[in-house]
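> all I have is the shape, not the residue letters:
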(Lines give C-alpha, C1' and ligand atoms only; values in the text may rest on other atoms or scores of the structure.)
Protein backbone atom coordinates (compact mmCIF):
# COMPACT_ATOMS: atom_id res chain seq x y z
CA UNK A 1 0.00 0.00 0.00
CA UNK A 2 1.63 3.20 -1.13
CA UNK A 3 0.62 6.58 0.23
CA UNK A 4 -0.98 9.13 -2.03
CA UNK A 5 1.63 11.47 -3.44
CA UNK A 6 1.72 15.00 -2.14
CA UNK A 7 1.60 17.72 -4.67
CA UNK A 8 4.63 19.93 -4.31
CA UNK A 9 4.06 23.62 -3.78
CA UNK A 10 5.83 24.42 -7.03
CA UNK A 11 3.16 22.66 -9.03
CA UNK A 12 0.11 24.63 -8.05
CA UNK A 13 0.12 28.40 -7.69
CA UNK A 14 -2.36 30.02 -5.38
CA UNK A 15 -3.96 31.81 -8.29
CA UNK A 16 -5.31 28.45 -9.52
CA UNK A 17 -7.05 27.65 -6.29
CA UNK A 18 -10.79 27.75 -6.13
CA UNK A 19 -10.50 28.66 -2.47
CA UNK A 20 -10.23 32.41 -3.01
CA UNK A 21 -12.97 34.31 -1.26
CA UNK A 22 -14.44 31.17 0.28
CA UNK A 23 -16.06 31.09 3.69
CA UNK A 24 -14.87 28.28 5.94
CA UNK A 25 -15.97 26.90 9.29
CA UNK A 26 -13.18 25.45 11.43
CA UNK A 27 -14.16 23.22 14.35
CA UNK A 28 -11.05 22.66 16.48
CA UNK A 29 -10.88 22.47 20.26
CA UNK A 30 -7.21 23.38 20.63
CA UNK A 31 -6.73 27.12 20.42
CA UNK A 32 -3.10 27.15 19.26
CA UNK A 33 -3.86 24.67 16.48
CA UNK A 34 -6.87 26.74 15.44
CA UNK A 35 -4.55 29.77 14.99
CA UNK A 36 -2.40 27.72 12.62
CA UNK A 37 -5.36 26.42 10.64
CA UNK A 38 -6.87 29.89 10.31
CA UNK A 39 -3.53 31.28 9.09
CA UNK A 40 -3.24 28.45 6.58
CA UNK A 41 -6.76 29.09 5.28
CA UNK A 42 -6.07 32.80 4.90
CA UNK A 43 -2.85 31.93 3.09
CA UNK A 44 -4.97 29.81 0.73
CA UNK A 45 -7.11 32.87 0.05
CA UNK A 46 -10.15 32.05 2.13
CA UNK A 47 -11.98 35.18 3.12
CA UNK A 48 -14.21 34.48 6.04
CA UNK A 49 -12.89 31.88 8.49
CA UNK A 50 -15.08 31.23 11.54
CA UNK A 51 -14.00 29.08 14.44
CA UNK A 52 -15.90 26.90 16.90
CA UNK A 53 -14.28 24.91 19.70
CA UNK A 54 -17.14 22.47 20.35
CA UNK A 55 -20.28 20.95 18.85
CA UNK A 56 -22.71 23.35 20.55
CA UNK A 57 -21.03 26.52 19.33
CA UNK A 58 -20.53 25.02 15.85
CA UNK A 59 -24.25 24.23 15.68
CA UNK A 60 -25.27 27.71 16.79
CA UNK A 61 -22.82 29.26 14.30
CA UNK A 62 -24.36 27.17 11.53
CA UNK A 63 -27.82 28.60 12.28
CA UNK A 64 -26.76 32.03 11.02
CA UNK A 65 -23.71 31.26 8.89
CA UNK A 66 -23.58 29.02 5.85
CA UNK A 67 -19.91 28.37 4.99
CA UNK A 68 -18.74 27.09 1.60
CA UNK A 69 -16.86 24.31 3.35
CA UNK A 70 -15.78 23.15 6.79
CA UNK A 71 -12.85 21.49 8.52
CA UNK A 72 -13.80 19.31 11.49
CA UNK A 73 -11.38 18.03 14.07
CA UNK A 74 -12.97 14.63 14.86
CA UNK A 75 -11.94 14.41 18.51
CA UNK A 76 -12.98 17.54 20.37
CA UNK A 77 -11.74 16.41 23.77
CA UNK A 78 -14.94 15.37 25.49
CA UNK A 79 -17.01 14.91 22.35
CA UNK A 80 -16.84 13.99 18.69
CA UNK A 81 -17.63 16.32 15.82
CA UNK A 82 -20.12 13.92 14.16
CA UNK A 83 -23.29 15.94 15.00
CA UNK A 84 -21.72 18.88 13.14
CA UNK A 85 -20.86 16.56 10.23
CA UNK A 86 -24.47 15.40 10.10
CA UNK A 87 -25.75 18.98 10.10
CA UNK A 88 -23.33 19.89 7.29
CA UNK A 89 -24.44 16.84 5.32
CA UNK A 90 -28.08 17.87 5.68
CA UNK A 91 -27.21 21.35 4.42
CA UNK A 92 -25.06 19.88 1.59
CA UNK A 93 -22.01 21.79 2.79
CA UNK A 94 -18.77 19.98 1.88
CA UNK A 95 -16.40 19.22 4.72
CA UNK A 96 -13.11 17.53 5.60
CA UNK A 97 -12.27 15.62 8.76
CA UNK A 98 -8.95 16.11 10.54
CA UNK A 99 -7.74 13.38 12.89
CA UNK A 100 -4.56 12.24 14.55
CA UNK A 101 -5.18 8.65 13.52
CA UNK A 102 -6.45 8.76 9.97
CA UNK A 103 -9.40 6.94 8.49
CA UNK A 104 -9.46 4.18 11.10
CA UNK A 105 -10.10 6.82 13.75
CA UNK A 106 -13.42 7.70 12.11
CA UNK A 107 -16.76 6.15 13.02
CA UNK A 108 -17.54 3.53 10.32
CA UNK A 109 -20.45 5.53 8.82
CA UNK A 110 -18.10 8.44 8.03
CA UNK A 111 -15.16 6.51 6.66
CA UNK A 112 -15.88 7.39 3.03
CA UNK A 113 -15.29 11.09 3.78
CA UNK A 114 -12.14 13.06 3.07
CA UNK A 115 -9.70 12.84 6.01
CA UNK A 116 -6.44 14.62 6.60
CA UNK A 117 -4.00 13.47 9.19
CA UNK A 118 -2.82 15.93 11.78
CA UNK A 119 -0.40 17.61 11.61
CA UNK A 120 -0.78 18.76 8.00
CA UNK A 121 0.67 21.53 5.89
CA UNK A 122 -1.05 24.25 3.91
CA UNK A 123 -0.88 22.23 0.69
CA UNK A 124 -2.53 19.18 2.19
CA UNK A 125 -5.28 21.32 3.70
CA UNK A 126 -5.83 23.13 0.40
CA UNK A 127 -5.95 19.87 -1.57
CA UNK A 128 -8.38 18.28 0.83
CA UNK A 129 -10.75 21.28 0.81
CA UNK A 130 -10.61 21.60 -2.96
CA UNK A 131 -11.34 17.90 -3.27
CA UNK A 132 -14.35 18.19 -1.00
CA UNK A 133 -15.64 21.25 -2.85
CA UNK A 134 -15.24 19.52 -6.22
CA UNK A 135 -16.92 16.33 -5.01
CA UNK A 136 -19.89 18.36 -3.87
CA UNK B 1 -22.17 -92.18 24.21
CA UNK B 2 -19.09 -94.00 25.59
CA UNK B 3 -19.74 -96.24 28.55
CA UNK B 4 -17.59 -94.24 31.00
CA UNK B 5 -19.40 -91.07 30.11
CA UNK B 6 -22.76 -92.84 30.44
CA UNK B 7 -21.70 -93.92 33.91
CA UNK B 8 -20.74 -90.34 34.83
CA UNK B 9 -24.27 -89.20 33.98
CA UNK B 10 -26.31 -92.05 35.35
CA UNK B 11 -29.16 -89.72 35.99
CA UNK B 12 -30.18 -86.09 35.49
CA UNK B 13 -29.34 -85.59 39.13
CA UNK B 14 -25.66 -86.24 38.47
CA UNK B 15 -25.79 -83.82 35.51
CA UNK B 16 -26.97 -81.12 37.89
CA UNK B 17 -23.65 -81.34 39.68
CA UNK B 18 -21.88 -80.10 36.57
CA UNK B 19 -23.94 -76.97 36.00
CA UNK B 20 -22.27 -73.59 36.63
CA UNK B 21 -25.53 -72.30 38.12
CA UNK B 22 -26.98 -73.17 41.51
CA UNK B 23 -30.16 -75.25 41.44
CA UNK B 24 -32.35 -76.09 44.42
CA UNK B 25 -35.76 -77.62 44.79
CA UNK B 26 -38.19 -77.09 47.65
CA UNK B 27 -41.51 -78.68 48.49
CA UNK B 28 -44.85 -76.89 48.77
CA UNK B 29 -43.92 -75.77 52.30
CA UNK B 30 -40.72 -74.18 51.11
CA UNK B 31 -38.55 -76.84 52.70
CA UNK B 32 -35.36 -77.78 50.91
CA UNK B 33 -35.63 -81.07 49.04
CA UNK B 34 -32.61 -81.03 46.74
CA UNK B 35 -29.70 -78.76 45.72
CA UNK B 36 -26.65 -79.09 43.51
CA UNK B 37 -22.97 -78.54 44.24
CA UNK B 38 -22.87 -75.04 42.81
CA UNK B 39 -25.77 -73.94 45.03
CA UNK B 40 -23.86 -75.16 48.09
CA UNK B 41 -20.76 -73.29 46.92
CA UNK B 42 -22.79 -70.14 46.57
CA UNK B 43 -24.38 -70.46 49.99
CA UNK B 44 -20.96 -71.23 51.45
CA UNK B 45 -21.98 -74.57 52.97
CA UNK B 46 -24.32 -77.44 52.33
CA UNK B 47 -27.52 -76.98 54.33
CA UNK B 48 -29.45 -79.93 55.63
CA UNK B 49 -32.33 -81.10 53.57
CA UNK B 50 -35.61 -80.12 55.15
CA UNK B 51 -34.39 -76.64 56.11
CA UNK B 52 -36.73 -73.84 55.11
CA UNK B 53 -35.75 -71.61 52.18
CA UNK B 54 -35.86 -68.22 53.80
CA UNK B 55 -36.24 -65.89 50.84
CA UNK B 56 -39.50 -64.07 50.34
CA UNK B 57 -39.65 -64.74 46.60
CA UNK B 58 -39.94 -68.50 47.04
CA UNK B 59 -42.89 -68.03 49.40
CA UNK B 60 -44.58 -65.77 46.85
CA UNK B 61 -44.10 -68.25 44.01
CA UNK B 62 -45.50 -71.08 46.14
CA UNK B 63 -48.46 -68.92 47.22
CA UNK B 64 -49.40 -67.44 43.87
CA UNK B 65 -48.09 -70.01 41.40
CA UNK B 66 -46.54 -67.17 39.38
CA UNK B 67 -42.90 -67.70 38.39
CA UNK B 68 -40.32 -65.17 39.46
CA UNK B 69 -37.76 -64.04 36.87
CA UNK B 70 -34.37 -62.32 37.29
CA UNK B 71 -34.95 -61.37 40.88
CA UNK B 72 -31.76 -60.09 42.46
CA UNK B 73 -30.96 -60.99 46.02
CA UNK B 74 -28.08 -60.05 48.22
CA UNK B 75 -26.93 -63.35 49.58
CA UNK B 76 -25.24 -63.53 52.98
CA UNK B 77 -22.91 -66.46 52.77
CA UNK B 78 -21.80 -68.75 55.54
CA UNK B 79 -18.38 -67.07 55.78
CA UNK B 80 -20.01 -63.66 56.16
CA UNK B 81 -19.19 -62.48 52.60
CA UNK B 82 -21.93 -61.26 50.32
CA UNK B 83 -22.88 -62.28 46.84
CA UNK B 84 -25.34 -60.75 44.41
CA UNK B 85 -27.43 -63.53 42.98
CA UNK B 86 -29.85 -63.42 40.09
CA UNK B 87 -32.70 -65.75 40.97
CA UNK B 88 -35.31 -67.45 38.78
CA UNK B 89 -38.01 -69.48 40.54
CA UNK B 90 -40.51 -71.69 38.75
CA UNK B 91 -43.43 -73.39 40.52
CA UNK B 92 -43.78 -77.18 40.09
CA UNK B 93 -47.33 -78.60 39.77
CA UNK B 94 -48.75 -82.07 39.94
CA UNK B 95 -51.16 -83.66 37.46
CA UNK B 96 -54.06 -81.90 39.21
CA UNK B 97 -52.33 -78.56 38.84
CA UNK B 98 -51.65 -78.26 42.56
CA UNK B 99 -48.42 -76.57 43.52
CA UNK B 100 -46.15 -79.15 44.98
CA UNK B 101 -42.91 -77.23 45.12
CA UNK B 102 -40.56 -74.87 43.29
CA UNK B 103 -37.26 -74.99 41.41
CA UNK B 104 -34.84 -72.12 42.04
CA UNK B 105 -32.00 -71.28 39.73
CA UNK B 106 -29.22 -69.12 41.22
CA UNK B 107 -26.62 -67.18 39.18
CA UNK B 108 -23.72 -65.29 40.72
CA UNK B 109 -23.78 -61.79 39.17
CA UNK B 110 -21.52 -60.11 41.75
CA UNK B 111 -18.71 -59.38 39.25
CA UNK B 112 -21.15 -58.01 36.72
CA UNK B 113 -22.80 -55.83 39.37
CA UNK B 114 -19.48 -54.47 40.54
CA UNK B 115 -18.45 -53.68 36.96
CA UNK B 116 -21.78 -51.95 36.34
CA UNK B 117 -21.41 -49.94 39.49
CA UNK B 118 -17.83 -48.99 38.61
CA UNK B 119 -19.03 -47.86 35.21
CA UNK B 120 -21.86 -45.85 36.78
CA UNK B 121 -19.42 -44.28 39.20
CA UNK B 122 -17.04 -43.41 36.41
CA UNK B 123 -19.84 -41.91 34.34
CA UNK B 124 -21.01 -39.93 37.33
CA UNK B 125 -17.45 -38.80 38.00
CA UNK B 126 -17.00 -37.56 34.43
CA UNK B 127 -20.39 -35.91 34.51
CA UNK B 128 -19.59 -34.17 37.81
CA UNK B 129 -16.22 -33.19 36.39
CA UNK B 130 -17.82 -31.60 33.33
CA UNK B 131 -20.51 -30.09 35.53
CA UNK B 132 -17.88 -28.54 37.81
CA UNK B 133 -15.88 -26.94 35.00
CA UNK B 134 -16.53 -23.24 34.54
CA UNK B 135 -16.34 -23.67 30.74
CA UNK B 136 -19.54 -24.14 28.77
CA UNK B 137 -19.50 -27.74 27.53
CA UNK B 138 -22.09 -29.89 25.77
CA UNK B 139 -22.15 -33.12 23.83
CA UNK B 140 -24.28 -34.40 20.98
CA UNK B 141 -24.91 -37.73 19.33
CA UNK B 142 -23.74 -38.27 15.76
CA UNK B 143 -26.84 -36.53 14.41
CA UNK B 144 -26.08 -33.43 16.46
CA UNK B 145 -28.89 -33.95 19.00
CA UNK B 146 -27.87 -32.58 22.40
CA UNK B 147 -27.08 -35.40 24.85
CA UNK B 148 -25.50 -33.45 27.70
CA UNK B 149 -24.78 -29.87 28.72
CA UNK B 150 -23.30 -28.41 31.87
CA UNK B 151 -24.52 -25.52 33.97
CA UNK B 152 -21.97 -23.15 32.41
CA UNK B 153 -23.37 -23.99 28.96
CA UNK B 154 -26.91 -23.23 30.11
CA UNK B 155 -25.68 -19.95 31.64
CA UNK B 156 -23.89 -18.90 28.45
CA UNK B 157 -26.89 -19.87 26.28
CA UNK B 158 -29.32 -18.20 28.69
CA UNK B 159 -31.59 -21.24 28.35
CA UNK B 160 -31.84 -24.96 29.12
CA UNK B 161 -31.80 -26.89 25.86
CA UNK B 162 -34.05 -29.93 25.28
CA UNK B 163 -31.94 -33.06 25.49
CA UNK B 164 -32.43 -35.38 22.53
CA UNK B 165 -34.38 -32.71 20.64
CA UNK B 166 -32.36 -29.53 20.21
CA UNK B 167 -29.76 -29.94 17.53
CA UNK B 168 -26.21 -28.69 16.84
CA UNK B 169 -25.94 -26.04 19.56
CA UNK B 170 -27.24 -25.26 23.05
CA UNK B 171 -27.70 -21.62 22.13
CA UNK B 172 -30.88 -19.84 21.08
CA UNK B 173 -29.49 -17.94 18.12
CA UNK B 174 -26.07 -17.55 16.55
CA UNK B 175 -24.49 -14.79 14.50
CA UNK B 176 -21.28 -14.52 12.52
CA UNK B 177 -18.67 -12.02 13.78
CA UNK B 178 -19.92 -9.54 11.15
CA UNK B 179 -23.40 -9.68 12.72
CA UNK B 180 -25.15 -11.69 9.98
CA UNK B 181 -27.23 -14.68 11.16
CA UNK B 182 -25.51 -18.05 11.44
CA UNK B 183 -28.02 -20.93 11.03
CA UNK B 184 -27.53 -23.71 13.63
CA UNK B 185 -26.98 -26.35 10.93
CA UNK B 186 -24.03 -24.30 9.61
CA UNK B 187 -22.45 -23.61 12.99
CA UNK B 188 -18.91 -24.90 13.74
CA UNK B 189 -20.33 -27.86 15.73
CA UNK B 190 -22.48 -28.87 12.73
CA UNK B 191 -19.41 -28.62 10.48
CA UNK B 192 -17.35 -30.72 12.94
CA UNK B 193 -20.01 -33.45 12.86
CA UNK B 194 -20.83 -33.29 9.15
CA UNK B 195 -17.18 -33.25 8.13
CA UNK B 196 -15.99 -35.46 11.01
CA UNK B 197 -13.15 -33.13 11.99
CA UNK B 198 -12.37 -30.75 14.85
CA UNK B 199 -13.01 -27.08 14.03
CA UNK B 200 -10.63 -24.48 15.47
CA UNK B 201 -10.23 -20.73 15.14
CA UNK B 202 -13.91 -20.03 14.53
CA UNK B 203 -15.74 -17.14 16.19
CA UNK B 204 -19.44 -16.56 16.65
CA UNK B 205 -21.85 -14.41 18.60
CA UNK B 206 -24.44 -16.03 20.88
CA UNK B 207 -27.83 -14.40 21.31
CA UNK B 208 -29.75 -15.33 24.43
CA UNK B 209 -33.55 -15.42 24.51
CA UNK B 210 -33.41 -12.11 26.45
CA UNK B 211 -31.60 -10.49 23.51
CA UNK B 212 -28.16 -10.11 25.08
CA UNK B 213 -25.26 -11.06 22.84
CA UNK B 214 -21.94 -12.65 23.81
CA UNK B 215 -18.94 -13.16 21.53
CA UNK B 216 -17.48 -16.66 21.85
CA UNK B 217 -15.02 -19.10 20.38
CA UNK B 218 -16.27 -22.70 19.96
CA UNK B 219 -14.01 -25.77 20.07
CA UNK B 220 -16.12 -28.57 18.53
CA UNK B 221 -14.42 -31.99 18.42
CA UNK B 222 -15.89 -35.22 16.98
CA UNK B 223 -16.00 -38.29 19.25
CA UNK B 224 -15.28 -41.71 17.73
CA UNK B 225 -15.65 -45.26 19.03
CA UNK B 226 -12.90 -47.88 19.14
CA UNK B 227 -13.51 -48.69 15.48
CA UNK B 228 -13.10 -45.01 14.58
CA UNK B 229 -16.78 -44.50 13.76
CA UNK B 230 -18.31 -41.11 14.55
CA UNK B 231 -20.53 -41.43 17.60
CA UNK B 232 -21.04 -37.78 18.52
CA UNK B 233 -19.16 -34.63 19.38
CA UNK B 234 -18.16 -32.47 22.32
CA UNK B 235 -18.06 -28.71 22.16
CA UNK B 236 -16.64 -26.10 24.48
CA UNK B 237 -17.86 -22.52 24.10
CA UNK B 238 -15.42 -19.93 25.43
CA UNK B 239 -16.89 -16.54 26.27
CA UNK B 240 -14.55 -13.97 24.69
CA UNK B 241 -16.34 -10.80 25.79
CA UNK B 242 -13.63 -9.90 28.32
CA UNK B 243 -10.94 -10.27 25.65
CA UNK B 244 -13.00 -8.29 23.13
CA UNK B 245 -13.53 -5.60 25.73
CA UNK B 246 -9.80 -5.48 26.50
CA UNK B 247 -9.02 -5.27 22.79
CA UNK B 248 -11.40 -2.42 22.24
CA UNK B 249 -10.09 -0.64 25.34
CA UNK B 250 -6.58 -1.07 24.05
CA UNK B 251 -7.61 0.32 20.66
CA UNK B 252 -9.30 3.27 22.36
CA UNK B 253 -6.13 3.91 24.38
CA UNK B 254 -3.89 3.73 21.31
CA UNK B 255 -6.30 6.01 19.41
CA UNK B 256 -6.28 8.47 22.30
CA UNK B 257 -2.49 8.36 22.53
CA UNK B 258 -2.18 8.99 18.80
CA UNK B 259 -4.67 11.79 19.02
CA UNK B 260 -2.56 13.43 21.72
CA UNK B 261 0.78 12.85 20.00
CA UNK B 262 -0.54 14.21 16.71
CA UNK B 263 -2.18 17.19 18.39
CA UNK B 264 1.07 17.90 20.20
CA UNK B 265 2.96 17.80 16.92
CA UNK B 266 0.34 20.11 15.40
CA UNK B 267 0.73 22.41 18.39
CA UNK B 268 4.52 22.49 17.92
CA UNK B 269 3.92 23.28 14.25
CA UNK B 270 1.53 26.08 15.24
CA UNK B 271 3.92 27.48 17.87
CA UNK B 272 6.75 27.56 15.35
CA UNK B 273 4.49 29.28 12.81
CA UNK B 274 3.35 31.87 15.35
CA UNK B 275 6.95 32.46 16.48
CA UNK B 276 8.31 32.83 12.96
CA UNK B 277 5.44 35.11 11.89
CA UNK B 278 6.44 38.70 12.28
CA UNK B 279 10.05 37.82 12.96
CA UNK B 280 12.37 38.51 10.09
CA UNK B 281 12.77 34.90 9.13
CA UNK B 282 12.45 33.63 5.54
CA UNK B 283 9.39 31.56 4.73
CA UNK B 284 11.63 28.82 3.35
CA UNK B 285 12.82 28.19 6.88
CA UNK B 286 9.29 27.70 8.13
CA UNK B 287 8.65 25.31 5.24
CA UNK B 288 11.81 23.37 5.98
CA UNK B 289 10.86 22.97 9.61
CA UNK B 290 7.30 22.02 8.76
CA UNK B 291 8.44 19.45 6.21
CA UNK B 292 10.69 17.77 8.80
CA UNK B 293 7.91 17.73 11.37
CA UNK B 294 5.47 16.23 8.85
CA UNK B 295 8.00 13.60 7.76
CA UNK B 296 8.29 12.51 11.38
CA UNK B 297 4.53 12.56 11.79
CA UNK B 298 3.91 10.46 8.67
CA UNK B 299 6.30 7.78 9.90
CA UNK B 300 4.25 7.73 13.10
CA UNK B 301 1.17 7.14 10.96
CA UNK B 302 2.72 4.14 9.22
CA UNK B 303 3.85 2.65 12.51
CA UNK B 304 0.46 3.28 14.11
CA UNK B 305 -1.20 1.22 11.39
CA UNK B 306 0.70 -1.85 12.62
CA UNK B 307 0.34 -1.05 16.35
CA UNK B 308 3.97 0.07 16.30
CA UNK B 309 5.22 -3.31 15.07
CA UNK B 310 6.91 -2.17 11.86
CA UNK B 311 6.72 -0.03 8.74
CA UNK B 312 7.57 -1.01 5.16
CA UNK B 313 10.82 0.42 3.76
CA UNK B 314 9.17 0.77 0.33
CA UNK B 315 6.23 2.65 1.88
CA UNK B 316 8.54 5.13 3.61
CA UNK B 317 10.67 5.67 0.50
CA UNK B 318 7.62 6.12 -1.70
CA UNK B 319 6.12 8.56 0.79
CA UNK B 320 9.32 10.61 0.70
CA UNK B 321 10.14 10.48 -3.01
CA UNK B 322 6.83 10.15 -4.89
CA UNK B 323 6.16 13.92 -4.68
CA UNK B 324 9.13 14.29 -7.04
CA UNK B 325 8.13 11.49 -9.43
CA UNK B 326 7.46 12.23 -13.09
CA UNK B 327 4.79 9.56 -13.51
CA UNK B 328 6.93 7.67 -16.05
CA UNK B 329 9.12 5.90 -13.51
CA UNK B 330 12.28 7.58 -14.83
CA UNK B 331 12.94 10.31 -12.30
CA UNK B 332 12.50 8.14 -9.21
CA UNK B 333 13.32 4.45 -9.22
CA UNK B 334 12.76 2.32 -6.14
CA UNK B 335 13.85 -1.29 -6.29
CA UNK B 336 14.12 -3.92 -3.60
CA UNK B 337 12.33 -6.74 -1.86
CA UNK B 338 9.71 -6.16 0.81
CA UNK B 339 11.43 -5.20 4.08
CA UNK B 340 9.62 -4.44 7.33
CA UNK B 341 11.54 -1.96 9.46
CA UNK B 342 11.32 -2.00 13.24
CA UNK B 343 10.00 1.31 14.69
CA UNK B 344 13.39 2.80 15.60
CA UNK B 345 14.94 2.05 12.20
CA UNK B 346 11.79 3.31 10.46
CA UNK B 347 11.91 6.66 12.30
CA UNK B 348 15.64 7.26 11.74
CA UNK B 349 15.67 6.12 8.10
CA UNK B 350 12.54 8.12 7.25
CA UNK B 351 14.16 11.31 8.58
CA UNK B 352 17.39 10.53 6.68
CA UNK B 353 15.52 9.91 3.41
CA UNK B 354 13.66 13.16 3.99
CA UNK B 355 16.96 15.03 4.38
CA UNK B 356 18.50 13.31 1.33
CA UNK B 357 15.42 14.08 -0.78
CA UNK B 358 15.27 17.70 0.36
CA UNK B 359 18.98 18.08 -0.38
CA UNK B 360 18.52 16.50 -3.81
CA UNK B 361 15.65 18.88 -4.55
CA UNK B 362 17.73 21.91 -3.50
CA UNK B 363 21.20 21.11 -4.84
CA UNK B 364 21.22 17.61 -6.32
CA UNK B 365 19.59 15.50 -9.01
CA UNK B 366 16.06 16.60 -8.22
CA UNK B 367 16.98 20.29 -8.66
CA UNK B 368 17.07 19.85 -12.43
CA UNK B 369 14.58 18.51 -14.95
CA UNK B 370 16.71 15.60 -16.12
CA UNK B 371 18.16 14.34 -12.84
CA UNK B 372 17.04 11.12 -11.29
CA UNK B 373 17.34 9.24 -8.01
CA UNK B 374 17.71 5.46 -7.75
CA UNK B 375 17.21 3.76 -4.44
CA UNK B 376 18.13 0.07 -4.39
CA UNK B 377 18.02 -2.09 -1.33
CA UNK B 378 18.63 -5.70 -0.43
CA UNK B 379 18.57 -7.86 2.64
CA UNK B 380 21.42 -10.34 2.03
CA UNK B 381 20.84 -11.98 5.40
CA UNK B 382 17.96 -11.91 7.85
CA UNK B 383 19.62 -9.33 10.07
CA UNK B 384 21.38 -7.08 7.55
CA UNK B 385 19.88 -4.44 5.28
CA UNK B 386 21.84 -2.45 2.68
CA UNK B 387 20.44 0.59 0.94
CA UNK B 388 22.03 2.43 -1.98
CA UNK B 389 20.94 5.98 -2.81
CA UNK B 390 22.28 7.15 -6.17
CA UNK B 391 21.69 10.51 -7.81
CA UNK B 392 22.40 10.95 -11.52
CA UNK B 393 21.95 13.56 -14.20
CA UNK B 394 21.92 16.52 -11.85
CA UNK B 395 24.33 19.43 -11.60
CA UNK B 396 27.95 18.80 -10.63
CA UNK B 397 28.07 18.20 -6.91
CA UNK B 398 30.76 19.20 -4.47
CA UNK B 399 31.41 18.61 -0.80
CA UNK B 400 29.31 20.98 1.33
CA UNK B 401 31.24 23.56 3.34
CA UNK B 402 29.24 23.08 6.49
CA UNK B 403 27.98 19.95 8.17
CA UNK B 404 24.20 20.33 8.18
CA UNK B 405 21.48 18.57 10.13
CA UNK B 406 20.99 15.93 7.44
CA UNK B 407 24.62 14.92 7.33
CA UNK B 408 24.92 14.80 11.11
CA UNK B 409 21.76 12.68 11.33
CA UNK B 410 23.09 10.34 8.66
CA UNK B 411 26.40 9.69 10.40
CA UNK B 412 25.29 9.64 14.00
CA UNK B 413 21.77 8.23 13.61
CA UNK B 414 22.89 5.21 11.63
CA UNK B 415 25.91 4.34 13.76
CA UNK B 416 24.81 5.30 17.27
CA UNK B 417 21.10 4.68 17.14
CA UNK B 418 20.90 1.75 14.74
CA UNK B 419 24.40 0.28 15.10
CA UNK B 420 24.99 0.42 11.36
CA UNK B 421 27.27 2.19 8.92
CA UNK B 422 26.67 5.01 6.47
CA UNK B 423 28.92 6.28 3.69
CA UNK B 424 28.10 9.50 1.89
CA UNK B 425 30.00 10.41 -1.23
CA UNK B 426 29.69 13.71 -3.05
CA UNK B 427 30.74 12.32 -6.43
CA UNK B 428 30.74 14.90 -9.19
CA UNK B 429 28.09 12.87 -11.09
CA UNK B 430 25.78 12.99 -8.10
CA UNK B 431 25.40 12.17 -4.42
CA UNK B 432 25.83 8.52 -3.53
CA UNK B 433 24.94 7.12 -0.17
CA UNK B 434 25.33 3.62 1.14
CA UNK B 435 23.60 2.63 4.35
CA UNK B 436 23.99 -0.69 6.09
CA UNK B 437 21.98 -1.44 9.21
CA UNK B 438 21.39 -4.53 11.34
CA UNK B 439 17.75 -5.56 11.57
CA UNK B 440 17.75 -8.08 14.39
CA UNK B 441 14.55 -8.31 16.40
CA UNK B 442 16.48 -6.99 19.44
CA UNK B 443 16.55 -3.60 17.73
CA UNK B 444 12.82 -3.60 17.30
CA UNK B 445 12.35 -1.66 20.53
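That came through fine. Quick caveat: nothing in here was measured; it's all calculated off a predicted structure. Residues are numbered from 1 along each chain as shown, chains lettered A, B, ... in the order given.
> hey, let's count contacts and neighbours off CA atoms from now on
Noted.
> what about residue 27, neighbour count?
No chain was given, so I picked chain A. If you count neighbours by other Cα atoms under 10 Å in any protein chain shown, residue A:27 ends up with 26.
> I was after chain B.
By other Cα under 10 Å, neighbour count at residue B:27 equals 20.
> now do the helices in chain A.
Per DSSP state H, chain A carries helices over the ranges A:31-43, A:55-64, A:82-90, A:122-135.
> list the buried ones in the shortest one?
To tie it back to what came earlier, the one meant is helix A:82-90. By 16 or more other Cα atoms under 10 Å in any protein chain shown, the buried positions in helix A:82-90 come out as A:82, A:84-85, A:88.
> any regions of the chain where pLDDT drops low?
In the absence of a named chain, this looks at chain A. Chain A contains residues with pLDDT under 70 at A:1-17.
> correction: the question concerned chain B.
Looking at chain B by pLDDT under 70, you get B:1-2, B:5-10, B:12-13, B:440-445.
> which one is the closest residue to chain A within the stretch 1-150 of chain B nearest to, not counting chain neighbours?
Across the stretch 1-150 of chain B, the shortest distance to chain A (Cα to the nearest Cα) belongs to residue B:136, at 33.3 Å. With sequence-adjacent residues excluded and distances taken as Cα to Cα, 6 or more residues apart in numbering or on different chains, residue B:136 is closest to residue B:153, at 3.8 Å.
> of all the buried residues of helix A:82-90, which comes closest to residue B:22?
Nearest to residue B:22 among these: residue A:82, at 91.5 Å, using Cα to Cα.
> gap between the closest one and chain B?
As judged by Cα to the nearest Cα, to the nearest Å, residue A:82 and chain B stand 16 Å apart.
> contacting residues for that residue?
By Cα atoms under 8 Å, 6 or more residues apart in numbering or on different chains, residue A:82 lies in contact with residue A:74.
> one more: residue B:297?
Counted by Cα under 8 Å, 6+ apart, residue B:297 has contacts A:119, B:262, B:265.
> so which of those sit within strands?
In strands, judged by DSSP state E, none of the contacts of residue B:297 are found.
> ok, and the most crowded of those?
residue A:119 (25 neighbours).
> would you confirm that it contacts residue B:296?
No: assessed by Cα atoms under 8 Å, residue A:119 is found out of contact with residue B:296, at 10.1 Å.
> picking up where we left off before, what's the separation between the residue nearest to residue B:136 and residue B:160?
Residue B:153 sits 9 Å away from residue B:160, going by Cα to Cα, to the nearest Å.
> which neighbours do those two have in common?
Common neighbours of residue B:153 and residue B:160 are listed as residue B:170 (criterion: Cα under 8 Å, 6+ apart).
> can you get me a residue count around the residue nearest to residue B:437 when sequence neighbours are not counted?
Counting by Cα to Cα, 6+ apart, residue B:420 is the residue found nearest to residue B:437 once chain neighbours are left out, at 4.1 Å. Neighbourhood size, residue B:420 [other Cα under 10 Å]: 19.
> what sits against residue B:420?
By Cα under 8 Å, 6+ apart, the neighbours of residue B:420 are B:414, B:435-438.
> what do you get if the cut-off is 10 Å, keeping everything else the same?
B:384-386, B:411-414, B:435-439 (Cα atoms under 10 Å, 6 or more residues apart in numbering or on different chains).
> do residue B:106 as well
B:20-24, B:38-39, B:42, B:70-73, B:84-89.
> so which of those are in strands?
B:22-24, B:70-73, B:84-89.
> the residue lying farthest from the centre of chain B sits in which helix or strand?
Ranking residues of chain B by C-alpha distance from their mean position (Cα atoms, centre = their mean) puts residue B:96 at the top, at 77.2 Å. Using DSSP states H and E, residue B:96 falls within no helix or strand.
> ok, now how distant is it from residue A:127?
From residue B:96 to residue A:127 the distance is 120 Å (Cα to Cα).
> grab the most central residue of chain A for me.
residue A:71 (1.9 Å).
> which strand residues bridge that one?
Per DSSP bridges, the residues bridged to residue A:71 are residue A:26, residue A:96.
> just to revisit the earlier point, find the residues that touch each one of residue A:119 and residue B:296.
B:265, B:290.
> now do the contacts for residue B:262.
Residue B:262 sits in contact with A:99-101, A:117-120, B:256, B:268, B:297-298, B:300-301, where contact means Cα under 10 Å, 6+ apart.
> can you report phi and psi for the residue nearest to residue A:136 when sequence neighbours are not counted?
Sequence neighbours aside, residue A:94 is the residue nearest to residue A:136 in space, at 6.1 Å (criterion: Cα to Cα, 6+ apart). In terms of degrees, to the nearest 10, the main-chain angles of residue A:94 are phi -70, psi 150.
> pretty sure residue A:94 contacts residue A:69?
Yes: using Cα atoms under 10 Å, residue A:94 is in contact with residue A:69, at 5.0 Å.
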